[in-house]
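> Kindly return the folded structure for what I paste below:
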Amino acid sequence: MLKFLTTLLLAIIIFLPACYVSSKFFRLSDQAKDNFIEFVNTVKYLENPNVPINSPKVALVTLDKETAIIYFEPQKEEVKLHIDIKQKDLPDPDRFFLRPSQCNKLDKSCICLFREFETTSTLGKDIIGSLENSKYLLKSKKMLCEQSNYLLRLDNCGLGQDDGVNSYTCSNGFIIEREVISNTLPPIHSYILERKTALQLIKGSDAITISEIKSEETTS
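Numbers count the residues shown, from 1 in each chain. Alright, predicted model coming up:
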């Protein structure tokens, strides 16, 4: 009986912290998902014809590690990210994020929360851990997407603190990523983005412009 009680007590000691960590992990993921929905709702608010041009809104974006917000312009099947790295003996890499089936209306723009990426490449030969002249395609296994009639523009694709890079350049849309580029193969330099990032959205006549608000209050 004593042996049974000792074993039960040890199991409880091991199991309860594991449950706490697990519940905390899922709570953080749910928070990021709910935050993305709030961000989309902010965009929808500015899309309303009754909202005047030049109206501003502030959104606090929360991203878990290895997740990204990807915006696809109408008629675009992929968003291209060009990375200008500081190490000049290596080629500047490109990453292509593929438009998911949830964004099936090509005449509309589409914004997604991506996580769990699958990477494929073409036309390459291994050179110092990279594939030179190769096209890297990133596809999300899990996502949440919303289609829209309004255009979005991010004034600077490189959000956060640079880690061995000069700049990001986005085409056909934009990417706001946290530890996605640095954790895809082959590993490359990237920007380091905090979990919480404050963004300002301003409604224009033909698009909503998005810019990062630099503030120590958004760090985690």
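> Any regions of this structure where pLDDT drops low?
1-29, 90-92, 122-134, 185-187, 215-220 (pLDDT under 70).
> What segments of it are helices?
Counting by DSSP state H, the chain has helices at residues 2-47.
> so what's the residue most central in space within it up against?
Central residue of the chain (Cα atoms, centre = their mean): A68, 1.2 Å from the mean position. By Cβ atoms under 8 Å, 6 or more residues apart in numbering, A68 lies in contact with F97, L113, F114, R115, I175, I176, E177, R178, V180. Just so you know, the C-beta spots here come from the backbone N, C-alpha and C atoms, and that holds for glycine as well.
> you'd agree the third one is up against F97?
Pointing back at F114 there. Yes: the criterion here is Cβ atoms under 8 Å, and F114 meets it with F97 at 7.2 Å.
> what is in contact with these two at once?
Common neighbours of F114 and F97 are listed as A68, I70, S140 (criterion: Cβ under 8 Å, 6+ apart).
> quick one: which of those sit in strands?
Among the shared contacts of F114 and F97, the members found in strands (DSSP state E) are A68, I70, S140.
> returning to that earlier point: who does the residue nearest to the centre of the chain bridge with?
Under DSSP bridges, the beta-bridge partners of A68 are F114, E177.
> Nearest to Q87 among the ones in strands among the shared contacts of F114 and F97?
Nearest to Q87 out of those is A68 (Cβ to Cβ; 23.3 Å).
> now the closest one: how far from K135?
Going from A68 to K135 by Cβ to Cβ, to the nearest Å gives 18 Å.
> Could you do Q200 as well?
34 Å.
> Please apply the same query to N41.
According to Cβ to Cβ, N41 and K135 sit 35 Å apart.
> More neighbours: which of these two?
Higher neighbour count among N41 and K135: K135, with 15 against 11, using other Cβ atoms under 10 Å.
> Surely the more buried one is in contact with D94?
Yes: the pair K135 and D94 passes the contact test of Cβ under 8 Å, sitting 7.0 Å apart.
> Give me the contact list for stretch 94-103.
68, 70, 72, 76-83, 110, 112, 114, 135-140, 143, 145, 147, 175, 181, 184.
> Would you list the buried entries among those residues?
68, 70, 72, 76, 78-81, 83, 110, 112, 114, 136, 138-140, 143, 145, 147, 175, 181, 184 (16 or more other Cβ atoms under 10 Å).
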